[in-house]
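Visitor: Curious how this folds, go ahead:
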Amino acid sequence: MDAEELKLAVAKLHKLDSRGPTKAFCDLSILDSLIIKGLRVVEGEKGLFVSMPREEGKDGKWYNTVIPLKREVKDEIEKLVLEAYGG
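Guide: Model (predicted):
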């Protein structure tokens, strides 16, 4: 299944007014059946990028809780979210 078949869509996007690196939070809809909450639009050294949802482990490190297995799906998610953000 490729990115187009997944019917990816931004379900919700909340822009932040803070000066920190996180610029927005996003919820992503898949197949009109599943919502992934907690994607972030982040300002990095090379510009805006999309960070997957993550949680802090007992060791103090952060771990992604959602991992796209295909590069094309990751690229499509980033494209959709950044378009919705306006960047």
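
Visitor: how near is residue 10 to residue 63?
Guide: 24 Å (Cβ to Cβ, to the nearest Å). The way it works is simple: take the backbone N, C-alpha and C, and place the C-beta from them, glycine included.

Visitor: which one of those two has more residues nearby?
Guide: Legend: neighbour count by other Cβ atoms under 10 Å for residue 10 and residue 63, higher for residue 10 (17 against 10).

Visitor: Poorly predicted segments of the chain, please.
Guide: Residue ranges of the chain with pLDDT under 70: 1-3, 87.

Visitor: Report the central residue of it.
Guide: Nearest to the mean C-alpha position of the chain, by Cα atoms, centre = their mean, lies residue 39 at 3.3 Å.

Visitor: What are the contacting residues of the helix or strand containing residue 50?
Guide: In the assignment (DSSP states H and E), residue 50 maps to strand 47-51. Identification of contacts with strand 47-51 by Cβ atoms under 8 Å, 6 or more residues apart in numbering yields 23, 26, 39, 40, 41, 42, 77, 78, 81, 82, 85, 87.
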